[in-house]
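**Q** I need the structure of the sequence given here:
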Amino acid sequence: MSKLVKLLTEGVDCADPLSIAEYEKIGGFSALKKAVSSSPEQIIAEIKKAKLLGRGGAAYPAGSKWEHLLHITETPKYIVCNADEGEPGTFKDRLIMDKLPLKLLEGILISGVVFNAKAAYIYVRGEYRKLQKKLIAAIENIRAAGLMQIAGKDFDIHVISGAGAYVCGENSALLNSTEGKVGRPRIKPPHLAEVGLFLHPTLVNNVETFTNIPLIVNMGGEAYLQAGHPDSGGSKLICLSGHCRNRGVFEIPLGKLTLREIIYDPELGGGIASNRRLKMVHLGGMSGTIGCYNQLDTVYSYTDLRKAGLSVGSGAIIVLDESVSIIEYVKGVTEFFIHESCGKCIPCREGNRQILKILEELSDIAENQRDLLKTFAPGKKNVLHRLNRTMADASFCGLGQTASAALNSAALHFSSEFEGVIDESSRGELLVRDEDN
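**A** Numbers count the residues shown, from 1 in each chain. Reported below is the predicted structural model:
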């Protein structure tokens with residue numbers, strides 16, 4: 001029996017993803033027409049019943065976000081789709097925009113109906129030039145078919161190109177960038193539902209989140225919930241990369257598979273590509289946590305992963321074998337955050353630089369003076385701990401608050417590499433050969 005599902009990705013093999021006629025053959029726009037005959041409260045009730053969690057990384061309940069905006073009386077209201085997919089190891093939104101653009105746009109149109117919105121904006125990662133053109137073409141087809149007016153007489157959808165800044169994936173920085181301002185995060189409160197785009201009430205959701213809306217409207221919230229985990233309904237698009245045999249985007253039901261199955265099942269990851277052992281998995285992108293072999297039997301759901309100290313995040317799963325140095329890997333993660341920090345707040349801007357400096361010192365000693373590392377590492381670990389705590393508590397936005405997540409989890413599971421005490425007898429508890437599975 002297949003471990004994959006095709007809820008969200010139904011129609012992904014369509015010959016012409018821009019064709020209105022072909023999309024309608026698989027039930028396209030039936031949810032939009034159903035939404036027009038339903039009240040906003042009914043639609044939001046189904047989304048809440050479905051327990052749809054935001055698929056961009058924060059996992060905030062979509063139904064609660066929609067309900068909050070509905071109760072705000074100020075107008076006009078705006079819809080914003082966050083398509084600034086800049087998390088390394090994450091490429092699932094790219095699949096949707098490339099193969100399922102009409103399903104994404106249907107979800108946006110439904111939100112326009114629910115909130116009687118003035119307009120919608122899709123903020124697309126700057127590197128996705130071809131996808132921006134594809135979205136614009138899909139919008140033109142919808143407009144020509146007379147479907148745009150269903151969401152409102154003057155309603156329209158605009159495509160905005162990002163400029164390659166990872167921090168613009170943060171919702172308030174994204175809105176600033178959309179307005180033509182510097183892409184830096186805003187002070188909250190006020191929340192974006194109250195003071196968002198152009199200082200008006202705004203709904204901001206991820207590409208995958210919007211694409212789930214037609215599915216929920218058509219099948220109902222209860223059926224959607226049953227397809228997933230009791231705490232988070234439906235399926236999840238995951239992005240497998242790294243040292244696994246099969247790399248790509250896969251749709252799996254939430255709460256039905258373990259990390260071990262995801263990595264080793266022939267239909268999914270297919271195991272480790274080399275003859276080396278599995279060392280670790282980095283979940284949720286650069287801002288996510290690192291897990292070890294002992295955690296492979298954790299069920300892939302928001303609840304189970306959180307209990308294990310891991311995260312779904314953006315859906316990225318980077319598989320790494322024993323050839324990877326944990327210190328070198330975390331250095332690369334830290335360098336990424338240094339490059340992408342907007343520099344607005346000191347904890348993030350300076351904290352990441354200091355972390356990298358310490359990691360470089362540890363790396364140099366590990367290579368040249370391994371015997372000195374035992375006396376050097378404990379003090380540096382204390383400094384790292386204080387830096388991590390300060391960044392998590394005092395950084396202005398999520399970028400700085402989660403920048404050290406990979407380091408924290410790596411130090412927890414692979415402390416021997418930080419301390420220079422590599423006990424070969426204990427490594428078998430953390431590492432497993434591919435042929436053993």
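**Q** quick one, domains of the protein?
**A** 20-226, 235-321, 326-436 (automatic domain parsing).
**Q** Nearest to Val5, out of those?
**A** Val5 lies closest to domain 235-321 among those, at 5.2 Å (Cβ to Cβ). C-beta here means a position set from N, CA and C on the backbone, and glycine is covered the same way.
**Q** quick one: average pLDDT of the closest one?
**A** On average, the pLDDT along domain 235-321 is 96.
**Q** Would you format the domains of the chain as TSV with distance to Thr9 and mean neighbour count included?
**A** Listed next are the domains of the chain as TSV, based on distance: least, Cβ to Cβ, whole Å; neighbours: other Cβ atoms under 10 Å:
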stretch	distance to Thr9	mean neighbour count
domain 20-226	7	20
domain 235-321	5	21
domain 326-436	28	17
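**Q** And the ones you listed, which one averages the lowest pLDDT?
**A** domain 326-436 (a mean of 75).
**Q** neighbours around Ser323, how many?
**A** Neighbourhood size, Ser323 [other Cβ atoms under 10 Å]: 10.
**Q** who are the neighbours in contact with the nearest residue to it once chain neighbours are set aside?
**A** Take Ser323 and drop its neighbours on the chain: the residue closest to it by Cβ to Cβ, 6 or more residues apart in numbering is Arg276, 5.7 Å away. Arg276 makes contacts with His243, Asp321, Glu322, Ser323, Asp434, as judged by Cβ atoms under 8 Å, 6 or more residues apart in numbering.
**Q** Try it again at 7 Å.
**A** Asp321, Glu322, Ser323 (Cβ atoms under 7 Å, 6 or more residues apart in numbering).
**Q** just Gly183 next, same as before
**A** Applying Cβ under 7 Å, 6+ apart, the residues near Gly183 are Ala165, Val167, Cys168, Ala173, Asn176, Ser177, Cys342.
**Q** Using TSV, lay out those residues together with secondary structure.
**A** Rendered in TSV, the data for these read as follows (DSSP: H, G, I helix; E, B strand; the rest coil):
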residue	secondary structure
Ala165	coil
Val167	helix
Cys168	helix
Ala173	helix
Asn176	helix
Ser177	helix
Cys342	coil
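**Q** Could you measure from the residue nearest to Ser323 over to Asp321?
**A** 4 Å (Cβ to Cβ, to the nearest Å).
**Q** what helix or strand does Ile238 sit in?
**A** strand 235-242 (DSSP states H and E).
**Q** helices or strands next to that strand in the packing?
**A** strand 248-253, strand 316-321 (3 or more Cβ pairs under 7 Å, 6 or more residues apart in numbering; DSSP states H and E).
**Q** all strands for this protein, in order.
**A** 78-83, 119-124, 157-161, 202-206, 235-242, 248-253, 277-283, 290-291, 316-321, 432-433 (DSSP state E).
**Q** From Val383, how far off is Ser161?
**A** 41 Å.
**Q** now swap in Ser301 and tell me
**A** Distance from Ser301 to Val383, by Cβ to Cβ: 36 Å.
**Q** now Val12
**A** Using Cβ to Cβ, we find Val12 at a distance of 48 Å from Val383.
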